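**Student:** Just a sequence and a predicted model for now, questions to come.
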Number of protein chains: 4
Amino acid sequence: MATIEKIAFFGLGHMGGPMAANLVAAGFEVTAFDLSAAAVQQAVANGCKRGESAQQTVEGADVVILMLPSGDAVKGLYLGARGILQALDTDVLVIDSSTIAAGDARQLIAAAGDRGIRAIDAPVSGGTAAAAAGTLSFMCGGEAAAVESAKPYLQAMGANIFHAGAAGSGQVAKICNNMLLAIHMIGTAEALQLGVDNGLDPTVLSDIMRASSGGNWSLEKYNPYPGVMEGVPASRNYEGGFSVALMLKDLGLAMDTAAGSASSTPLGALAKNLYQLHGGDTANAALDFSSIQNLFRRPAGD
Amino acid sequence: MATIEKIAFFGLGHMGGPMAANLVAAGFEVTAFDLSAAAVQQAVANGCKRGESAQQTVEGADVVILMLPSGDAVKGLYLGARGILQALDTDVLVIDSSTIAAGDARQLIAAAGDRGIRAIDAPVSGGTAAAAAGTLSFMCGGEAAAVESAKPYLQAMGANIFHAGAAGSGQVAKICNNMLLAIHMIGTAEALQLGVDNGLDPTVLSDIMRASSGGNWSLEKYNPYPGVMEGVPASRNYEGGFSVALMLKDLGLAMDTAAGSASSTPLGALAKNLYQLHGGDTANAALDFSSIQNLFRRPAGD
Amino acid sequence: MATIEKIAFFGLGHMGGPMAANLVAAGFEVTAFDLSAAAVQQAVANGCKRGESAQQTVEGADVVILMLPSGDAVKGLYLGARGILQALDTDVLVIDSSTIAAGDARQLIAAAGDRGIRAIDAPVSGGTAAAAAGTLSFMCGGEAAAVESAKPYLQAMGANIFHAGAAGSGQVAKICNNMLLAIHMIGTAEALQLGVDNGLDPTVLSDIMRASSGGNWSLEKYNPYPGVMEGVPASRNYEGGFSVALMLKDLGLAMDTAAGSASSTPLGALAKNLYQLHGGDTANAALDFSSIQNLFRRPAGD
Amino acid sequence: MATIEKIAFFGLGHMGGPMAANLVAAGFEVTAFDLSAAAVQQAVANGCKRGESAQQTVEGADVVILMLPSGDAVKGLYLGARGILQALDTDVLVIDSSTIAAGDARQLIAAAGDRGIRAIDAPVSGGTAAAAAGTLSFMCGGEAAAVESAKPYLQAMGANIFHAGAAGSGQVAKICNNMLLAIHMIGTAEALQLGVDNGLDPTVLSDIMRASSGGNWSLEKYNPYPGVMEGVPASRNYEGGFSVALMLKDLGLAMDTAAGSASSTPLGALAKNLYQLHGGDTANAALDFSSIQNLFRRPAGD
């Protein structure tokens, strides 16, 4: 498989940086590109080659992996007369792990297809800890054969690889999952606060609901009430983790997707607006999304 | 323990009937009472003694267990000059497994305390299947010693026994749990429908979210989308299970509790109102609560 | 009409005080009672007679008017062996202007009817300014003849008298109105903030919506955005007016009524919860209810 | 003003058709274009000249007026090498009365400005009846001088002309207004149903709330409860009027605008989702938007 060992990696942020490093660790030759010089320098320290420009980064690449912050960023890099798509050989495989609108993903994959290039959408779940540990989940959309071809690279970065369906389906699965996550996070925060306001201990209540039909990932793995669980953002003033701002981005994509398919998502829409109420304060926007608990907690003395 | 073997059991419905039978199977002498002659007859067939009247049912009882449909029903049986509380010896233990308002539970336990009688609230979770199998969860409120005394009886009917806190806390834990359950059930239905409306297979999407941060009891144990999971109400036209009407009752108690403690529960309140929209049609009210999926599914042909 | 000129008035708060004063001004002999000595003293200064006790207050009364803070307060005063109902002659007319649950109102009117006494529920709208000016609106429930008999007294305190229907209907009309008020107040706040966040002047936007289909009482008479309208709470830091705490009380009654009739009120329920989020801070609870605008305004600098 | 009498009018639907006819009636020479031959034929019958193509329609025009169904339709007609913008003289005034995203409106006005052409956004409120009667409200965004120049044409079609602010502000005002309209329409439907479910007559309750603080345009001008008001859609099975589908379009624009400005609109978002639940049935989507009352009414017999 010597012919497919060269990877061009775009986007070296909190997620992309460790993902690129894990590809290096797995034995791939990774040329890395980012607009931030510091991010590139860190990638080089992790064993990546420095991409001097977008065009130079993809030269000779067997695989292109993107981990960019928005659909506009992906389209700006990818499409147009000077986009990298025009510079790729037809046997290159493109893996877009950015979280973007499903419609944008379909457009990008179709544009690749027009040039005879295989492409998949493969957004991730798991956060920065899983990115570092190489235990991300990938939700893939596209042709089954293309998803199969991507596995060696995805396995270097993640523990679970799902084929959600046709092009764009990875993005749909991601935003369905994150909308549901937002809903049960807020629901868990409401339930815990209701219990506390009525005299219950949040740890005892968490134990009861975990063993009952209220059980869910937010309650069991990421409890939002301070002091209930060690090692989660709630026990370190909601620092680190998955920010309110990023959750708002994903909920925005979910609402756009729902509008496009004329789907009704009343709890999802309310969840987005509660996160917007909470994150309208910029200090809150940077906190972990489990900080929504603070929206329901009383001011001291009340 | 011969002195505590006689149990007076009130309320022989879909839950109380099998609970009384499990007490008999565990070796207790159970005198059973219900306003429905058919329910009593079934209990007798299961090995209970027939309670001829409320007063006669509690004669000589060591333990009184209630499984009644409402706080008014419990208060009507329990309080007042002709209530059973007046007929009990002071060494009797009262276990109220009815789901009622926490305030009512506190009132009843205080009334018992005034007579020197130990009483706890111990509502259940798990539904009719768990009642039959003897695997209910009990959420108990009251003095630790009283909860401890109740364990031999509760263990005959259930698999998990939680001490949630002081009097009424079992009720609070129950409605917190069921509010959270309603929220993630509706959230799961919204997310699955959003995926299906965008071309995903509900089984594939369920598998992905179960392995990701969207995981929750509704998705994993009680999937609301028809055809995804065998043996759940969604795969038998939403018949059986936990009805919309009963979920509405519990959500009503949750809203009352939230009003009493000035707690804000926006998702809980919306969940109640969506169940009310769905259950406003009496045919829907009798269906399992996972039938909320139908609120989001398109009419055929749309 | 000399025989019906004596009025017993209970409840001399921000509303009841000026209402009693207006009855005095209209020529009635008013005996006033309140648990607050200061309130009674003010009433005496306004020309009322001092009620020494509840029983003494109703002695010889032709009409009893109640303006109390809760259904429990009304029931405590009214019912039971020592309640004032037992002390009334059968030709007395009882007017309960307290805002209480419709079910409580029906119970009180039925109890009066059992003694052959005419009673109506007649809650008000208009706030303290209308109470002082004698321009309240009364929403009456009860027999048409009883409502007709009440008019001379109600006209001394108000400008509009509506007969909403049978016993309790005044309360239902009141909470339907106030639920709708809460909804369009919050909706107006959301719309104005959305405009401001997109560069519009709130006064210009208010003018446009007032002339268009967005028009509503909150926008036109009680604009919640500071600086748009003079003489409203928004232009005096939301002081005075109708407090968040009182709106929450009325929304609680609306939710109870909706639960009783199995009605679905999703916007009403969300409005209540948004007011609860806002009013969970006790400083906000005392502000005028148009201060909900602050829930949507950005912190300075954001 | 002979030099500005020639108008090119694009979009001859239920709104655009009568608007063009009113311009003819006011003495302007109107060349009309639409993709529907039937719509053009009707316009010709109303005195318009037939536009043979988009390019021919704007030949010699002093003013261009657009009334198209979407931002994509406007951009498709307007922009690009073959768009009509390239064919316009620099002294032409462009008035876009389509309801589109504020961002699209800003883009179009900026593109016109790049060519030295004055353009404004001027969406309307008032519906088909106001379009026919020439009593529309126009909400204008753009330079004050350009809005002033547009008045003679707008006055031929409408009764109220508002200058909301800079480019795009007309669109913002329109969707703020319509979001608020959706909220008080649903709120009114909830309140009326709550009253009816508790025994009140909807006409009596409407009268009371109209005279009280619940008053709003939906209640007073467009009552959604059948039988309360003559001449409104509710009294003709919700036929005609402003469709659920069009309200959903406007609420979609409102949600996009709110996402763009990070504004929280919880009632607006819930209103959109309730309309989506209602309009998910295609038969309902074509009904007037006051048919949301049916979401809250019980099935017969319940």
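**Tutor:** That came through, no problem.

**Student:** remind me which residues of the stretch 151-300 of chain A are low pLDDT?
**Tutor:** For the stretch 151-300 of chain A, the stretches with pLDDT under 70 are A:299-300.

**Student:** where do the helices sit along it?
**Tutor:** Here the stretch 151-300 of chain A has its helices, by DSSP state H, counting those that start in this stretch, at A:169-197, A:202-210, A:217-221, A:244-260, A:266-279, A:282-285, A:293-296.

**Student:** so, in contact with chain B or not, the first one?
**Tutor:** In this case it means helix A:169-197. Yes. With CB under 8 Å from any CB of the partner chain as the criterion, chain B is reached by helix A:169-197 at A:169, A:172-173, A:175-181, A:183-184, A:186-188, A:190-195, A:197. To be clear about C-beta, it is placed using only N, CA and C from the backbone, and glycine gets the same treatment.

**Student:** Give me the distance from that helix to the chain's centre.
**Tutor:** 16 Å (CA atoms, centre = their mean, to the nearest Å).

**Student:** what does the stretch 1-150 of chain A put close to chain B?
**Tutor:** Within the stretch 1-150 of chain A, the positions lying close to chain B (CB under 8 Å from any CB) are A:102, A:125-126, A:137, A:139.

**Student:** OK, contacts around A:Met157?
**Tutor:** A:19, A:22-23, A:131, A:134, A:136, A:138 (CB atoms under 8 Å, 6 or more residues apart in numbering or on different chains).

**Student:** Please apply the same query to A:Gln171.
**Tutor:** Contacts of A:Gln171 (CB under 8 Å, 6+ apart): A:99-102, A:105, A:121, A:123, A:139, A:141, A:253.

**Student:** out of these, who's nearest A:Leu68?
**Tutor:** Closest approach to A:Leu68 among the contacts of A:Gln171 (CB to CB): A:Ile100, at 8.1 Å.

**Student:** so that closest one touches A:Gly71, yeah?
**Tutor:** Yes. Counting by CB atoms under 8 Å, A:Gly71 is a contact partner of A:Ile100 at 3.7 Å.

**Student:** And those two? Which one has more around it.
**Tutor:** Using other CB atoms under 10 Å in any protein chain shown as the criterion, A:Ile100 and A:Gly71 rank with A:Ile100 on top: 28 against 21.

**Student:** Let me know the secondary structure of the more buried one.
**Tutor:** Assigned with DSSP: H, G, I helix; E, B strand; the rest coil, A:Ile100 falls in the coil class.

**Student:** Okay, it and C:Val92: tell me how far apart.
**Tutor:** 74 Å (CB to CB, to the nearest Å).

**Student:** before we move on, the earlier item: reformat the contacts of A:Gln171 into JSON lines and put distance to chain C next to each item.
**Tutor:** What follows is the contacts of A:Gln171, written out as JSON lines (distance: CB to the nearest CB, whole Å):
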{"residue": "A:Thr99", "distance to chain C": "25"}
{"residue": "A:Ile100", "distance to chain C": "25"}
{"residue": "A:Ala101", "distance to chain C": "22"}
{"residue": "A:Ala102", "distance to chain C": "26"}
{"residue": "A:Ala105", "distance to chain C": "29"}
{"residue": "A:Asp121", "distance to chain C": "32"}
{"residue": "A:Pro123", "distance to chain C": "29"}
{"residue": "A:Met139", "distance to chain C": "32"}
{"residue": "A:Gly141", "distance to chain C": "34"}
{"residue": "A:Leu253", "distance to chain C": "20"}
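
**Student:** Need those residues in a markdown table (columns: distance to C:Ser206).
**Tutor:** Listed next are the contacts of A:Gln171 as a markdown table, based on distance: CB to CB, whole Å:
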| residue | distance to C:Ser206 |
| --- | --- |
| A:Thr99 | 39 |
| A:Ile100 | 38 |
| A:Ala101 | 35 |
| A:Ala102 | 39 |
| A:Ala105 | 42 |
| A:Asp121 | 45 |
| A:Pro123 | 43 |
| A:Met139 | 46 |
| A:Gly141 | 46 |
| A:Leu253 | 33 |
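
**Student:** Might you report the residue contacts of A:Lys49?
**Tutor:** By CB under 8 Å, 6+ apart, the neighbours of A:Lys49 are A:29-32.

**Student:** Phi, psi for it please.
**Tutor:** Note on A:Lys49: its backbone torsions stand at phi -90, psi 150 [degrees, to the nearest 10].

**Student:** Ok, A:Asp62 next?
**Tutor:** Phi and psi for A:Asp62, reported as degrees, to the nearest 10, are phi -90, psi -30.

**Student:** Could you report the neighbour count for it?
**Tutor:** 19.

**Student:** does it really touch A:Leu93, like I thought?
**Tutor:** Yes. A:Asp62 is within contact range of A:Leu93, at 7.1 Å (criterion: CB under 8 Å).

**Student:** ok so, going back, quick one: the helices of the stretch 151-300 of chain A as TSV, columns for distance to D:Glu52 too.
**Tutor:** Shown next, in TSV, are the helices of the stretch 151-300 of chain A (distance: least, CB to CB, whole Å):
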stretch	distance to D:Glu52
helix A:169-197	44
helix A:202-210	70
helix A:217-221	62
helix A:244-260	35
helix A:266-279	46
helix A:282-285	54
helix A:293-296	60
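
**Student:** And those: which comes nearest D:Ile84?
**Tutor:** When the helices of the stretch 151-300 of chain A are compared by CB to CB, helix A:244-260 sits nearest D:Ile84, at 28.5 Å.

**Student:** Wondering if that closest one reaches chain B at all.
**Tutor:** Yes. Against chain B, helix A:244-260 shows contacts by CB under 8 Å from any CB at A:254, A:257-258, A:260.

**Student:** Just the buried residues of these.
**Tutor:** For those, a burial check counting by 16 or more other CB atoms under 10 Å in any protein chain shown picks out A:254, A:257-258.

**Student:** Which of those residues lies at the shortest distance from chain D?
**Tutor:** A:Ala258 (8.0 Å; CB to the nearest CB).

**Student:** can you pull the contacts of that closest one?
**Tutor:** Residues in contact with A:Ala258 (CB under 8 Å, 6+ apart) are A:264-265, A:268-269, B:194.

**Student:** Kindly report the same for A:Gln55.
**Tutor:** For A:Gln55, the contacting residues are A:84, A:87, by CB under 8 Å, 6+ apart.

**Student:** Now do it against B:Ala262, distance only.
**Tutor:** According to CB to CB, A:Gln55 and B:Ala262 sit 61 Å apart.

**Student:** Chain C contacts on the stretch 51-200 of chain A?
**Tutor:** On the criterion CB under 8 Å from any CB, chain C has no neighbours in the stretch 51-200 of chain A.

**Student:** try 10 Å
**Tutor:** Residues of the stretch 51-200 of chain A lying near chain C by CB under 10 Å from any CB of the partner chain: A:190, A:193, A:197.

**Student:** what's the closest of the residues you listed to A:Ala8?
**Tutor:** Taking CB to CB as the measure, A:Ala8 sits nearest to A:Glu190 out of these, at 45.3 Å.

**Student:** you'd agree that closest one is up against B:Ile183?
**Tutor:** Yes. In this structure, A:Glu190 is within contact of B:Ile183 by CB atoms under 10 Å, at 7.6 Å.

**Student:** can you list residues touching both of those two?
**Tutor:** With contacts defined as CB atoms under 10 Å, 6 or more residues apart in numbering or on different chains, the residues shared by A:Glu190 and B:Ile183 are B:265, B:267-268, B:271.

**Student:** Make JSON lines from those residues and add distance to chain C to it.
**Tutor:** Output for the shared contacts of A:Glu190 and B:Ile183, formatted as JSON lines (distance: CB to the nearest CB, whole Å):
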{"residue": "B:Thr265", "distance to chain C": "6"}
{"residue": "B:Leu267", "distance to chain C": "9"}
{"residue": "B:Gly268", "distance to chain C": "8"}
{"residue": "B:Ala271", "distance to chain C": "10"}
